[in-house]
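J.: coords below, sequence missing:
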């Protein structure tokens, strides 16, 4: 299992080992409208997805074969609620040099909850407003950044987005849009 957002700090499934790693061909992006965990259908929040292009550092979890079906079922129930994510087996290069197949979830750019084309101002507004059954969208972004920092990973785009969220005004072009 490859985790790049809340699964890094709240996996809620049994695993044998956690190892930092990287997947290529996708990058971590604030690109998913959350209508359940960090927002509602009426007032969505914004959460992360793996979007096309680049690379993403995160955590890979090694799951015991005896628990695999149970873990996959749990993850599908947690992540595939609205269909905005597509499950994929990605190649993950672990920090110890091994290359493994890693079950993960990527953003579907054709889904109505895909927000990858939003401007910085639109993303900031959605993050500021988003509150769902798992809490605030803003706190989700902050917790993800804290976990990345614990791994020694700097995500400049996500950190810059949170800085803008935490300020009163949105400066157009703050993130290059």
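T.: Received it, and whenever you're ready, just let me know what you need. As the structure is a computational prediction, the values presented were derived from the model and not from experiment. Residues are numbered from 1 along each chain as shown.
J.: and the helices in this structure?
T.: 6-9, 68-79, 120-129, 137-150, 156-165 (DSSP state H).
J.: adding distance to residue 30, write those helices out as TSV.
T.: Backbone N, C-alpha and C define where each C-beta goes, glycine included. Output for the helices of the chain, formatted as TSV (distance: least, CB to CB, whole Å):
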stretch	distance to residue 30
helix 6-9	13
helix 68-79	16
helix 120-129	6
helix 137-150	7
helix 156-165	6
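J.: quick one, strands of the chain?
T.: 2-3, 17-34, 45-62, 85-94, 99-107, 131-132, 135-136 (DSSP state E).
J.: distance between the second one and the chain's centre?
T.: If I follow you right, that is strand 17-34. 6 Å (CA atoms, centre = their mean, to the nearest Å).
J.: let me know the average pLDDT across that strand.
T.: Mean per-residue pLDDT for strand 17-34: 97.
J.: packing partners for it?
T.: strand 45-62, strand 85-94, strand 99-107, helix 120-129, helix 137-150, helix 156-165 (3 or more CB pairs under 8 Å, 6 or more residues apart in numbering; DSSP states H and E).
J.: of those, which is nearest residue 32?
T.: Nearest to residue 32, of all the helices and strands packed on strand 17-34, is strand 45-62, at 4.4 Å by CB to CB.
J.: where in the protein is pLDDT low?
T.: Scanning the chain for pLDDT under 70 picks out 168-177.
J.: identify the residues contacting residue 111.
T.: The neighbours of residue 111, taking CB atoms under 8 Å, 6 or more residues apart in numbering as the test, are 82, 83, 84.
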